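Engineer: One predicted model, sequence on top.
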Amino acid sequence: MKKYNFDKIIDRKNTDCIKYDATEQFWGVKDAMPLWVADMDFETPDFIIDAIKKRLEHPVLGYTYKNKNHFESISNWLKKRHDFEVAPEHISGSPGVVAGLNLAIREFTEPGDEVIVQSPVYFPFFHVIKENQREIVYNPLKNSGNKFEMDFEDLTSKITPKTKMILLCNPHNPVGRAWSKEELSQLDRIAQKHNLMVVSDEIHADILVNDKAYTPYASISDYAAQNSIIFGAPSKTFNIPGLATSFMIAKNPEIKKRYDHQLHTLHLQKGNILGNIALTAAYEKGENWLDQLLDYLKENIDYSIDFFNKEIPQIKVYRPEASFLLWLDARALGMDNEELKDFFFNKAGVLLNPGYTFGPGGEGFMRMNIALPKKELEKALKKIKKAVDKHMKE
Ligand SMILES: Cc1ncc(COP(=O)(O)O)c(C=O)c1O
């Protein structure tokens with residue numbers, strides 16, 4: 001079994017990489033260590049690079065399409081990794097998950113309809129609702145002290161005749177919950193009662209870092225299967241988001257047909273040659289690499305949590321069940337949004353995602369990406385400690 005080296009430090013600068021090369025453009029910061037965008041500082045696995053290289057030996061990069069094997073490889077992966085049965089004919093494509101969310105919102109809601117989100121949540125959720133002239137309804141998560149939970153009472157109270165859809169993040173970015181069967185069943189009962197469609201972003205499903213299973217939303221009940229769309233991708237799992245190749249699952253053929261109509265209208269069904277090659281290579285050959293990645297991420301998470309608890313107790317950290325993102329509660333530092341951002345970016349010299357960008361409930365928090373070599377992670381944590389120690393003395 002091949003052993004992979006996640007300790008290797010790779011210089012990603014000057015590769016048109018958002019995380020390193022666009023920090024000034026996005027945040028006005030030049031030299032802070034970037035632990036923001038959710039990709040990993042590890043090598044994309046060799047079996048993916050090799051498959052791409054092999055394809056590039058052929059001199060023509062003409063029009064491509066997603067062949068039978070493409071959909072079968074997704075179906076097989078979901079079965080072997082998550083015991084989730086999905087027939088290849090229930091799977092379709094999407095350039096990215098966010099693009100797919102847009103297609104779903106456009107097809108299954110009307111302008112002026114209300115769409116529910118559970119904030120703090122991945123911020124493009126807000127854009128896909130607002131930019132399509134739909135209304136955002138916030139159903140903030142409850143913080144029980146040690147973990148975040150869905151607030152079903154609040155959810156029920158917010159539903160009106162204009163509410164048509166719930167945008168679910170399962171597992172959840174940024175709070176790291178892999179929602180339990182019970183939680184999803186409760187959500188499903190509410191969706192069923194109010195005739196809501198659930199669009200579930202399951203892009204982090206493979207990154208299970210706390211021995212907890214992930215429950216695909218469509219596996220919860222017949223209603224969920226027939227009234228939902230799931231989005232997934234190899235992009236987070238195998239560090240290939242630059243290849244813009246994702247997939248969607250609709251067990252209801254009518255929903256699939258309507259989604260595909262949107263996809264075809266925009267001529268997005270073909271995908272790109274290298275992304276299609278990468279997806280099949282990932283799902284056919286990726287298990288060993290992924291298992292080793294998860295072990296490494298777990299070590300990074302353990303190390304970080306231990307470090308925060310012992311060295312920076314002013315910042316409370318939540319152990320994620322899924323994803324390589326840590327959700328940090330920095331409210332005890334007593335800073336407002338701008339001060340906290342300035343503190344991390346300029347005083348500590350680390351670029352983390354400010355919590356307020358994830359919507360209501362995110363204020364006073366920061367999101368930290370720990371998918372990087374341990375030596376670099378240690379460096380980042382020490383920078384935070386130094387700045388917090390100085391702040392406490394001031
Ligand atoms: C929950 C979630 N959905 C979607 C994405 C991005 O998906 P894509 O690049 O396929 O649009 C991310 C990336 O961070 C994410 O965390």
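Structural biologist: That came in fine, so what should we check first?
Engineer: Verify the stated contact: residue 14 with residue 21.
Structural biologist: Yes. Between residue 14 and residue 21 there is a contact at 6.5 Å, judged by CB atoms under 8 Å. All C-beta atoms are positioned from the backbone trio N, CA, C, and that covers glycine.
Engineer: who's more crowded, the two?
Structural biologist: More neighbours surround residue 21 than the other of residue 14 and residue 21, with 14 against 8 (other CB atoms under 10 Å).
Engineer: ok, now which ones touch whatever residue of the stretch 1-150 of the chain ends up closest to the ligand?
Structural biologist: With CB to the nearest ligand atom, the shortest gap between the stretch 1-150 of the chain and the ligand falls at residue 96, namely 2.9 Å. Contacts for residue 96 (CB atoms under 8 Å, 6 or more residues apart in numbering) come out as 233, 235, 241, 244, 246.
Engineer: at 6 Å instead, please
Structural biologist: Shown in contact with residue 96 (CB atoms under 6 Å, 6 or more residues apart in numbering): 244, 246.
Engineer: That one and residue 242: what is the separation?
Structural biologist: Note on residue 96: its distance to residue 242, by CB to CB, to the nearest Å, is 10 Å.
Engineer: Please list the residues of the stretch 51-200 of the chain that sit near the ligand.
Structural biologist: Neighbours of the ligand within the stretch 51-200 of the chain, by CB under 6 Å from any ligand atom: 96-98, 122, 169, 173.
Engineer: Please repeat the previous calculation with a cut-off of 8 Å.
Structural biologist: Residues of the stretch 51-200 of the chain lying near the ligand by CB under 8 Å from any ligand atom: 94-101, 121-122, 124-125, 169, 172-173.
Engineer: most neighbours, which of those?
Structural biologist: Of those, with other CB under 10 Å as the count, residue 100 tops at 29 neighbours.
Engineer: My guess is that one contacts residue 247. True?
Structural biologist: No. Residue 100 is not in contact with residue 247 according to CB atoms under 6 Å; the separation is 8.4 Å.
Engineer: contact partners of stretch 340-353?
Structural biologist: 23, 29, 32-36, 330, 335, 354, 366-368, 380, 383-384, 387.
Engineer: and the residue of the stretch 251-394 of the chain found nearest the ligand, how many residues sit next to it?
Structural biologist: The minimum distance from the stretch 251-394 of the chain to the ligand, using CB to the nearest ligand atom, falls at residue 323 (7.4 Å). Residue 323: 30 surrounding residues under other CB under 10 Å.
Engineer: which residues touch it?
Structural biologist: Counting by CB under 6 Å, 6+ apart, residue 323 has contacts 173, 176, 204, 207.
Engineer: Could you tell me the per-residue confidence at it?
Structural biologist: In this prediction, residue 323 carries a pLDDT score of 98.
Engineer: Skip the chain neighbours and tell me the closest residue to it.
Structural biologist: In this structure, residue 323 finds its nearest non-sequential neighbour in residue 204, 4.5 Å apart by CB to CB, 6 or more residues apart in numbering.
Engineer: The one you found contacts residue 320, correct?
Structural biologist: No. Using CB under 6 Å, residue 204 is not in contact with residue 320; the gap is 9.1 Å.
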